[in-house]
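Novice: can you look at this prediction? I've put the sequence above it.
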Amino acid sequence: MSIEIKNICKKFGDQKAVDDISFSIQKGEIVGFLGPNGAGKTTTMKILTSYIPATSGDAIVCGYDVSEHASEVRQRIGYLPEHNPLYKDMYVKEYLGFIAGLHKIKDVRSKVAELIELTGLTNESHKKIGSLSKGYRQRVGLAQAMIHDPEVLILDEPTTGLDPNQLLEIRNLIKNIGKEKTVLFSSHIMQEVQALCDRVIIINNGKIVADDSIDMLTTFQQLETLIHVQFDQECEDEKLLKIEGVNRIKTKSKNKFQLICDKKSEVRTAIFKFAVKEGLVLLEMRMDDYSIEDVFQKLTKKE
């Protein structure tokens, strides 16, 4: 087991940031760690990397307890924090050489060259970090997290500030890394999570509210389905909500609606009959699966 958390709690004064959570991650897994701001994601990651101690419970990385063997744990973890701390006055190649030296890597030049190529920094390697775009700074952060070839990678918002092309490149990079290493990463970009992960852990108010595969999470709402409809003209919400089987309206835009409906009812027939009765032309009607974003919103929304 690469990561194992058992009944971890973390208090800051009277506030419980992490409230008795437990989970484990095996080698070769890429796991998305999701939650709204203030849910406890970053606190949990900092406990795993031994940056802060837990109030109670056990956190184990690669067989080492993070509170008793912090040095051993840090040797086996690559960490990219949410706010990427870099020495902006150093050159990219110089900075990575410095980090390699801290990890006592023997062939520093070869290792730095390897990571620069791997993270797509070849054309930027002779520039000062302070002159780089945010996307390239993220790449430098990823390079420093991986330079000592850690068994576990913990990435807090690794794709922040990347353009679509960079997102694809970093996504492929993380996928390749995940074949041999354990990757735990947080993100607010749900498309990235759905594209990268087979498994997702969702935390809310310091407690884990879901821990399952993407497929299971996106089909867990067995009683409801999402239906997209578009009419040739505008339609009143109140009328749509009176259709048998329509529970609520998720989003709307003039004549286009996303309807949350009973899965077992003949709601599509009812929508068609409604359109005929109201003199509307039905331009589109299709059913859709729940996305991980829908699941996230349902599990973390405030009452």
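Specialist: It's in. These numbers come from a predicted model, not from an experiment.
Novice: enumerate every residue touching residue 59.
Specialist: The neighbourhood of residue 59, defined by C-beta atoms under 8 Å, 6 or more residues apart in numbering, consists of 4-6, 8, 47-48, 65-67. The C-beta positions use only the backbone N, C-alpha and C, and glycine is treated the same way.
Novice: quick check, it in a strand?
Specialist: Yes - the assignment for residue 59 by DSSP: H, G, I helix; E, B strand; the rest coil puts it in a strand.
Novice: contacting residues for the residue nearest to it when sequence neighbours are not counted?
Specialist: Residue nearest to residue 59 in three dimensions, not counting chain neighbours: residue 66, with 4.5 Å by C-beta to C-beta, 6 or more residues apart in numbering. With C-beta under 8 Å, 6+ apart as the criterion, the residues that contact residue 66 are 47-50, 59-60, 73.
Novice: now with 6 Å, please.
Specialist: Taking C-beta atoms under 6 Å, 6 or more residues apart in numbering as the criterion, residue 66 is in contact with 50, 59, 73.
Novice: which one of the residues you listed sits closest to residue 35?
Specialist: The nearest member of the contacts of residue 66 to residue 35, counting by C-beta to C-beta, is residue 59 at 17.5 Å.
Novice: quick one: low-confidence residue ranges for the stretch 51-200 of the chain.
Specialist: Within the stretch 51-200 of the chain, the ranges that satisfy pLDDT under 70 run 161.
Novice: let's see it at 50
Specialist: Judged against pLDDT under 50, the stretch 51-200 of the chain has no low-scoring part.
Novice: how about the closest residue to residue 180 other than its chain neighbours, secondary structure?
Specialist: Among residues not flanking residue 180 along the chain, residue 28 sits closest, at 7.1 Å (C-beta to C-beta, 6+ apart). The three-state assignment at residue 28 reads coil, by three-state DSSP.
Novice: now residue 28: how far from residue 22?
Specialist: From residue 28 over to residue 22 the distance is 21 Å, taken as C-beta to C-beta, to the nearest Å.
Novice: repeat that for residue 141.
Specialist: With distances taken as C-beta to C-beta, residue 141 is found 29 Å from residue 22.
Novice: so for the two, which residue has more residues nearby?
Specialist: For residue 141 against residue 22, the residue with the higher neighbour count under other C-beta atoms under 10 Å is residue 141, and the figures read 23 against 13.
Novice: ok, now which ones touch the more buried one?
Specialist: Taking C-beta under 6 Å, 6+ apart as the definition of contact, the neighbours of residue 141 are 80, 84.
Novice: please spell out which residues along the helix or strand where it lies are buried.
Specialist: Using DSSP states H and E, residue 141 falls within helix 134-146. Judged by neighbour count (16 or more other C-beta atoms under 10 Å), helix 134-146 contains these buried residues: 135-146.
Novice: can I get those in TSV including distance to residue 252?
Specialist: Formatted as TSV, the buried residues of helix 134-146 follow (distance: C-beta to C-beta, whole Å):
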residue	distance to residue 252
135	34
136	40
137	39
138	36
139	40
140	43
141	40
142	40
143	45
144	46
145	43
146	45
